[in-house]
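1. following is a predicted model, sequence given first.
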Amino acid sequence: MESRMPSSAQDKHNPFLNPAPRQHREGPYLREEVVLANRNHGLLTEGLRYDVTPAGMHYLLNHFDVPYVPDAASWRLSVSGEVERPLSLSIADIKALPQRTLRVTLECAGNGRGQVTPRWPSMPWMAEAVGTAEWTGTPLKGVLERAGLKPSVVEVSFTGIDRGFDRGHEHNYGRSLKRDMALHEDVLLVTGMNGQDLLPQHGFPLRLVVPGWYGMASVKWLDRIEALAAPYQGFQQVETYKYKVKAEDPGIPITDMRVKSLMAPPGIPDWYSRARLVERGETVLTGRAWSGGGIAVAKVEVAINGVWHAAALDPPAGKYAWRGWRYVWNATPGEYLLACRATDANGRTQPLEVPFDRGGFGNNVVQTVEVTVR
Ligand SMILES: Nc1nc2c(c(=O)[nH]1)N[C@H]1C(S)=C(S)[C@@H](COP(=O)(O)O)O[C@H]1N2
Ligand SMILES: [Mo]
């Protein structure tokens, strides 16, 4: 449950309740940002070559600690609140329900935050907070129908067992979906990733996966579902994950991923600067592109020193999975700035300038890669 510690004179000195205020930053990354970056690794961009990201290469975003759950035997998922028949399901019960596997690209809403100036001090993703997995589970809709949502239900909330503080609020990680979205046939209660049990850091033994949305909706270590007659007030729903330009903006709740593409790094890197060296001749540039809400990728372009060319697209790999692209570049010696840009079936494309957002959310700027051809 959402809870605050009772207030007392001592609270004034409690650093959890009264954290040092965060302010926008320019310049070097802070110690706290580096610590978060070490805990929450990104996709190694060379991993963009896999259709399905190997589980250990999938990006990670954990707000608090990964809970210690050595086995699934005693796990229960409760479904309560405004329902006709409250449920308590074991993992075996969930695995006995109809199973579906969906290939889904997940991206953190804060991906690209580290490129926004001034930036909000938080996880300083550059471009790598994305991955694609084959998620296996049972449709949430079926479980909600078994419980029977009452007509009064407007939202359904999802709570994990991980607990901590953010900006003075103590809470378990939790999110909600509006009734319609909770009943969407593609939202899954997931126990498997790439044909194996979930790894601890990806939510073992049970998580939600909301395809087409940014990752914050896909609650890990899920043990409580509540049907609500009023909008959910959890911290991760109300206090963050909203697009805002100014602090006083009411904010627009973040849902679908924005259209984006990334390039697998060509050639070989310098260890420290990550600058790339490519041999002259035919170089096949490849990468991935995706959009949100189940909207298809319609086009990918590649720029060589600012001149745009059409890339070839791989066949689609499912409604919610990224799409491979390739462009054959006849590289001649020199210095190059490479870039890629996707456009989705709704005609939305990636901006050339970083879109400013206070929290650094939704940055889908065109990615650039510097290479030297010898
Ligand atoms: N319980 C719980 N669920 C969570 C989170 C969390 O910190 N706790 N992080 C969310 C965020 S912000 C993202 S981007 C995705 C990341 O999923 P992954 O680590 O499996 O890639 O999980 C989401 N689900
Ligand atoms: Mo995220």
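-> In hand now; what should we look at? Ligands and ions are numbered 1, 2, ... in the order given.
2. which residues touch the closest residue to Phe158 other than its chain neighbours?
-> Nearest non-adjacent residue to Phe158, counting by C-beta to C-beta, 6 or more residues apart in numbering: Val219, 4.2 Å away. For the C-beta atoms, the positions are set from N, CA and C on the backbone; glycine is no exception. Counting by C-beta atoms under 8 Å, 6 or more residues apart in numbering, Val219 touches 158-160, 173-175, 203, 207-208.
3. go with 10 Å
-> If you count contacts by C-beta atoms under 10 Å, 6 or more residues apart in numbering, Val219 has them with 157-160, 162, 172-177, 203, 206-210, 225, 236.
4. ok, now Pro333?
-> So Pro333 contacts 278-280, 372-374 (C-beta under 10 Å, 6+ apart).
5. tell me if I'm right that Asp11 and Asn18 touch.
-> Yes. The criterion here is C-beta atoms under 10 Å, and Asp11 meets it with Asn18 at 7.2 Å.
6. need the overlap of contacts for the two.
-> Counting by C-beta under 10 Å, 6+ apart, the residues touching both Asp11 and Asn18 are Gly168.
7. hmm, back to that, near ligand 2, which of the contacts of Val219 show up?
-> Restricting the contacts of Val219 to those touching ligand 2 (C-beta under 5 Å from the ion) yields no residues.
8. can you flag which of those belong to strands?
-> Per DSSP state E, strands hold the following members of these: 157-160, 162, 172-177, 207-209, 225.
9. if we can go back for a sec, okay if I get the contacts of Pro333 as TSV plus neighbour count and pLDDT?
-> Converted to TSV, those look like this (neighbours: other C-beta atoms under 10 Å; pLDDT from 0 to 100):
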residue	neighbour count	pLDDT
Val278	21	96
Glu279	13	96
Arg280	12	97
Thr372	14	95
Val373	19	95
Arg374	10	91
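10. nearest to Ala289 among the ones in strands among the contacts of Val219?
-> Val209 (20.4 Å; C-beta to C-beta).
11. and the closest one, how many residues sit next to it?
-> 26 (other C-beta atoms under 10 Å).
12. likewise for His24?
-> 12.
13. what's the closest non-adjacent residue to it?
-> Pro118 (3.6 Å).
14. same check on Met193?
-> Ala133 (5.0 Å).
15. wait, that neighbour sits on Thr53?
-> Yes. Counting by C-beta under 10 Å, Ala133 does reach Thr53; the two are 6.2 Å apart.
16. need the overlap of contacts for these two.
-> With C-beta under 10 Å, 6+ apart, Ala133 and Thr53 have common neighbours 105-106, 193-194.
17. show me what from the stretch 151-300 of the chain comes close to ligand 2.
-> 215-216.
18. now with 8 Å, please.
-> Residues of the stretch 151-300 of the chain found near ligand 2 (C-beta under 8 Å from the ion) are 214-216.
19. need those in TSV with pLDDT, secondary structure and neighbour count, can you?
-> Supplementary listing: these in TSV, determined by pLDDT from 0 to 100; DSSP: H, G, I helix; E, B strand; the rest coil; neighbours: other C-beta atoms under 10 Å:
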residue	pLDDT	secondary structure	neighbour count
Tyr214	98	coil	23
Gly215	98	helix	23
Met216	98	helix	22
